[in-house]
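Peer 1: Quick one: sequence and predicted model below, then my questions.
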Amino acid sequence: MAIPLLVVRPAEIGAIQPIGGAGAVPAAGAGFGDMLRQAIEGTVAAAHDAEAKSAQAIAGTGDLTDVVTAVAKAELTLQTAMTIRDRMVQAYQDILRMAI
């Protein structure tokens, strides 16, 4: 699952608008939490798909190309989720360091 680049305009706080049209976008009024939940659900779904394809290959009914593709997709979505998590933690730490 590709996570789209997002723009939130000040007049539309809470409305998420994609750049480039990749991936599903939450409905108008949906917040950052909804977008984050969808991204996490996509990551979990990709991992389950990779596991299912691997099980099919082990049973002898799956195609090796499908297994490799599913595992690569799961790895990419997990790396993306970890990058988002790291940047969120870094932003939080930067906010904590701000002088009031």
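Peer 2: Looks like it arrived, so ask away.
Peer 1: which residues in the chain form strands?
Peer 2: 5-7, 17-19 (DSSP state E).
Peer 1: where do the helices sit along this protein?
Peer 2: In the chain, the helices defined using DSSP state H lie at 32-59, 64-97.
Peer 1: Redo these as CSV? Include mean pLDDT.
Peer 2: Output for the helices of the chain, formatted as CSV (pLDDT from 0 to 100):
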stretch, mean pLDDT
helix 32-59, 90
helix 64-97, 92
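Peer 1: Adding mean neighbour count, write those out as TSV.
Peer 2: For glycine as for every other residue, the C-beta is placed from the backbone atoms N, C-alpha and C. Listed next are the helices of the chain as TSV, based on neighbours: other CB atoms under 10 Å:
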stretch	mean neighbour count
helix 32-59	15
helix 64-97	13
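Peer 1: Just want the most central residue of the protein.
Peer 2: Centroid-nearest residue in the chain: residue 39, 3.3 Å away (criterion: CA atoms, centre = their mean).
Peer 1: Please look at that residue and residue 81 and confirm they touch.
Peer 2: Yes. Taking CB atoms under 8 Å as the definition, residue 39 is a contact partner of residue 81 at 6.4 Å.
Peer 1: what's the nearest residue to residue 52 if we skip its chain neighbours?
Peer 2: Nearest residue to residue 52, sequence neighbours excluded (CB to CB, 6 or more residues apart in numbering): residue 70, at 7.9 Å.
Peer 1: and that neighbour, what is it in contact with?
Peer 2: 46, 49-50, 52-54 (CB atoms under 8 Å, 6 or more residues apart in numbering).
Peer 1: which pair in those residues spans the largest distance?
Peer 2: Using CB to CB, those span at most 12.6 Å, a distance reached by 46 and 54.
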